[in-house]
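Undergrad: no FASTA, just this:
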Ligand SMILES: [Fe+2]
């Protein structure tokens with residue numbers, strides 16, 4: 001029988017008595033049986049996954065209830081959209097019962113509540129799966145964009161649906177969208193993207209030149225070359241992905257990026273460059289430019305979901321979850337620090353790998369590459385991600401976007417850095433409590449095993465032995481930041497910025513997408529109604545579940561007591577309360593920022609869950 005209220009007095013293995021060391025070893029042997037590595041997962045191999053999700057890693061009751069609440073309006077919306085929809089009445093009655101019971105949660109009710117919630121979730125998910133594959137109601141053939149807006153019957157239409165065709169909105173996706181990780185500053189053009197001076201001036205005006213802009217660090221690039229594998233393996237001539245290159249610049253004296261030019265593929269011989277057109281004059285040039293932007297948005301939808309979201313948050317943290325359980329005893333301070341940041345991750349990854357990215361699943365339905373290539377692309381990106389290189393400060397510097405002086409308008413960077421630094425102070429203070437000096441780090445044989453496991457079975461590229469407290473803090477900061485803030489920044493835009501298919505989707509469906517001259521031809525690029533409804537339903541769920549928040553550390557068993565029990569961590573004014581106070585300050589600072597910039601709220605600490613659980 002497991003202990004509902006374990007006392008946690010963390011200690012380093014080398015400081016324990018012989019008897020305690022033996023106990024730790026025994027506990028680890030047991031845990032290693034439960035958390036076995038699987039390097040042959042049918043959909044993501046060779047990305048390391050857990051062989052079987054242990055029962056104890058199942059999500060909590062509160063998580064289930066949170067998902068239920070998000071799921072109800074989405075199922076209602078499906079009902080409103082599909083032909084011959086089933087009735088929802090029973091489910092809704094049952095749901096309000098559960099919501100009420102949750103409000104007055106008492107230990108005695110636990111069992112009924114668990115049973116109710118589990119059954120509710122099961123029947124709602126069943127209903128969802130049935131509805132999402134059904135045929136969509138008839139709509140007017142000439143409805144155009146209105147048909148896509150009409151899919152939002154019971155959930156609010158995202159604001160972006162009204163403005164996504166604007167150039168400034170397209171530019172904003174790069175610095176405050178679902179994927180703020182690709183834009184980079186350049187000092188010269190790549191050889192395969194010969195943007196002309198005349199073309200640049202046509203967009204930016206006669207008093208600016210490309211040469212000047214490059215010299216003044218005002219030119220930025222998006223390059224989707226990593227998608228070439230999907231370009232080479234499309235699902236068909238009318239369901240494909242491109243690997244475009246796009247150029248942006250900051251006008252003289254301005255703060256924000258503006259789009260300049262797009263080349264729809266990597267080869268300058270095969271693809272012409274399309275220059276930005278401002279304002280809808282219904283000209284062939286305008287629709288050609290709109291089509292080029294759509295093509296970039298589709299590339300970004302793929303880059304975001306497969307790499308930035310799935311690979312670089314979910315799948316990276318899977319390896320850390322397994323290695324931590326296998327190598328660090330429950331009484332190890334780093335185990336105690338990290339486990340709350342892994343809550344729900346194995347469970348959600350197991351369903352993502354098992355159904356989301358499986359043949360015939362939603363990714364296969366909505367995205368343009370053949371599913372095996374899509375899986376391979378995601379896996380390759382995950383395995384090739386350099387752990388130290390992708391640490392926020394290093395990544396920003398490598399992309400030449402770290403300075404506010406050159407790129408003033410980059411909301412993701414500004415907020416992410418605040419949270420990164422807060423986490424770094426927290427891990428530094430935490431480590432100082434348990435590790436007297438750097439020698440204590442190198443003598444920690446469980447930590448050594450952890451590192452070796454992450455390098456070998458975990459396939460974390462660039463991971464290396466940890467020899468100092470400073471390095472340990474850096475590594476833990478990266479792990480906690482990725483599980484919390486980074487995942488929040490790339491997960492939650494899914495509902496507001498990615499669920500309206502004409503703004504962002506997974507494939508270009510048009511017959512001749514690089515030769516568009518009319519609105520009618522442009523509209524052909526967007527998915528059929530059934531796929532658009534499936535996309536919005538899935539992304540509204542994924543982007544809608546907020547479970548717990550960063551800085552909150554509780555057990556995952558009712559009544560969800562405080563997680564940390566060491567006075568040196570929890571004392572007033574100690575490391576934990578300092579971390580929580582800093583997060584509150586960041587919350588205020590971001591609110592103040594939002595008064596003078598276009599709102600960016602994905603990194604408000606109150607909206608950052610501590611773990612990847614959706
Ligand atoms: Fe996610």
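TA: Okay, I see it. Remember, it's a predicted structure, so these values are computed and weren't measured experimentally.
Undergrad: ok, which stretches of this structure are strands?
TA: 37-38, 49-50, 184-185, 219-223, 245-249, 258-263, 273-275 (DSSP state E).
Undergrad: Packing partners of the fifth one?
TA: Using 3 or more CB pairs under 8 Å, 6 or more residues apart in numbering; DSSP states H and E as the contact criterion, the neighbours of strand 245-249 among helices and strands are strand 219-223, strand 258-263. For glycine as for every other residue, the C-beta is placed from the backbone atoms N, C-alpha and C.
Undergrad: looking at these, which is closest to residue 363?
TA: The closest of those to residue 363 is strand 219-223. By CB to CB, the value is 22.1 Å.
Undergrad: partners of that closest one in the sheet?
TA: strand 184-185 (antiparallel), strand 245-249 (antiparallel) (DSSP bridges).
Undergrad: can you state the direction angle for it and strand 258-263?
TA: Compare the direction of strand 219-223 with that of strand 258-263 by axes from the mean of the first three to the mean of the last three CA atoms, to 10 degrees and you get 40 degrees.
Undergrad: what's strand 219-223 in contact with?
TA: Identification of contacts with strand 219-223 by CB atoms under 8 Å, 6 or more residues apart in numbering yields 174, 182-187, 190, 193, 210, 213, 244-250, 257, 296, 300, 401, 407.
Undergrad: just the strands paired with strand 219-223: most buried one?
TA: Neighbour counts (mean count of other CB atoms under 10 Å) averaged over each of those peak at strand 245-249, with a mean of 26.
Undergrad: before we move on, the earlier item: can you list the strands paired with strand 219-223 in JSON lines and add distance to residue 455?
TA: JSON lines is the format used below for the strands paired with strand 219-223 (distance: least, CB to CB, whole Å):
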{"stretch": "strand 184-185", "distance to residue 455": "28"}
{"stretch": "strand 245-249", "distance to residue 455": "35"}
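Undergrad: between those strands, which one is nearest to residue 292?
TA: Comparing the strands paired with strand 219-223 by CB to CB, strand 245-249 comes nearest, at 8.2 Å.
Undergrad: mind checking how far the closest one is from the chain centre?
TA: 23 Å (CA atoms, centre = their mean, to the nearest Å).
Undergrad: swap in stretch 366-380?
TA: On CA atoms, centre = their mean, the centre of stretch 366-380 falls 17 Å from that of its chain.
Undergrad: now swap in stretch 444-462 and tell me
TA: Per CA atoms, centre = their mean, the centroid offset for stretch 444-462 relative to its chain is 24 Å.
Undergrad: Also stretch 411-429?
TA: The answer for stretch 411-429 is 18 Å, by CA atoms, centre = their mean.
Undergrad: can you check stretch 117-129 too?
TA: Worked out by CA atoms, centre = their mean, stretch 117-129 lies 25 Å from the chain centre.
Undergrad: again, but for stretch 526-546
TA: Worked out by CA atoms, centre = their mean, stretch 526-546 lies 15 Å from the chain centre.
Undergrad: Now distance to residue 56 and mean pLDDT too, for the strands paired with strand 219-223, in JSON lines please.
TA: JSON lines is the format used below for those (distance: least, CB to CB, whole Å; pLDDT from 0 to 100):
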{"stretch": "strand 184-185", "distance to residue 56": "42", "mean pLDDT": "98"}
{"stretch": "strand 245-249", "distance to residue 56": "46", "mean pLDDT": "98"}
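Undergrad: ok, residues contacting the helix or strand of the chain with the lowest mean pLDDT?
TA: The weakest-scoring helix or strand in the chain, judged by mean pLDDT, DSSP states H and E, is helix 89-103 (a mean of 71). Contact partners of helix 89-103, identified using CB under 8 Å, 6+ apart, comprise 62, 65, 68-69, 72, 75, 109, 112-113, 116-117, 119-120, 123-124, 127.
Undergrad: same question, stretch 179-188
TA: 173-175, 214-215, 217, 219-224, 248, 257, 300, 303-304, 308, 312, 395, 398-401, 406-407, 410, 412-413, 489-490.
Undergrad: and those residues, which are buried?
TA: Buried by 16 or more other CB atoms under 10 Å: 173-175, 214, 217, 219-224, 248, 257, 300, 303-304, 308, 312, 395, 399-401, 407, 410, 412-413, 489-490, out of those.
Undergrad: burial count for the closest residue in space to residue 9 that isn't next to it in sequence?
TA: In space, and not counting its chain neighbours, residue 9 is closest to residue 566: 6.5 Å by CB to CB, 6 or more residues apart in numbering. If you count neighbours by other CB atoms under 10 Å, residue 566 ends up with 20.
Undergrad: what's near enough to touch residue 510?
TA: Per CB under 8 Å, 6+ apart, neighbours of residue 510: 238, 291, 516, 521-522, 524-525.
Undergrad: Next, format those as CSV and append pLDDT.
TA: Converted to CSV, the contacts of residue 510 look like this (pLDDT from 0 to 100):
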residue, pLDDT
238, 94
291, 98
516, 97
521, 96
522, 97
524, 96
525, 96
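Undergrad: Let me have these in JSON lines, adding neighbour count as columns.
TA: Formatted as JSON lines, the contacts of residue 510 follow (neighbours: other CB atoms under 10 Å):
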{"residue": "238", "neighbour count": "16"}
{"residue": "291", "neighbour count": "25"}
{"residue": "516", "neighbour count": "25"}
{"residue": "521", "neighbour count": "19"}
{"residue": "522", "neighbour count": "24"}
{"residue": "524", "neighbour count": "17"}
{"residue": "525", "neighbour count": "23"}
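Undergrad: Select from these every entry located in helices.
TA: 291, 521-522 (DSSP state H).
Undergrad: of all those residues, which comes closest to residue 327?
TA: Closest to residue 327, out of all of those and judged by CB to CB, is residue 291, at 51.3 Å.
Undergrad: quick one, what contacts that closest one?
TA: Neighbours of residue 291 in contact, by CB under 8 Å, 6+ apart: 510, 513-514, 516, 521-522, 525.
Undergrad: switch to 10 Å and redo it
TA: Applying CB atoms under 10 Å, 6 or more residues apart in numbering, one finds that residue 291 lies in contact with 262, 264, 274, 508, 510, 512-518, 521-522, 524-525.
Undergrad: Roughly how far does it sit from residue 278?
TA: Plainly put, residue 291 is 16 Å away from residue 278 if you go by CB to CB, to the nearest Å.
Undergrad: Wait, residue 9 touches residue 331, no?
TA: Yes: between residue 9 and residue 331 there is a contact under CB atoms under 10 Å: 6.9 Å.
Undergrad: Between these two, tell me which one has more neighbours.
TA: Between residue 9 and residue 331, counted using other CB under 10 Å, the more crowded position is residue 331 (21 against 10).
Undergrad: Make sure the more buried one is actually in contact with residue 13.
TA: Yes: look at residue 331 against residue 13 with CB under 10 Å: they come within range, at 8.6 Å.
Undergrad: overlap in contacts of those two?
TA: 20, 24, 446.
Undergrad: between those residues, which has the most around it?
TA: residue 446 (21 neighbours).
Undergrad: With residue 206 as the reference, measure out to it.
TA: Taking CB to CB, one finds residue 446 at 66 Å from residue 206.
Undergrad: Residue 27 too?
TA: From residue 27 to residue 206 the distance is 72 Å (CB to CB).
Undergrad: more crowded one of the two?
TA: Neighbours were counted for residue 27 and for residue 206 using other CB under 10 Å; residue 27 has more, 13 against 7.
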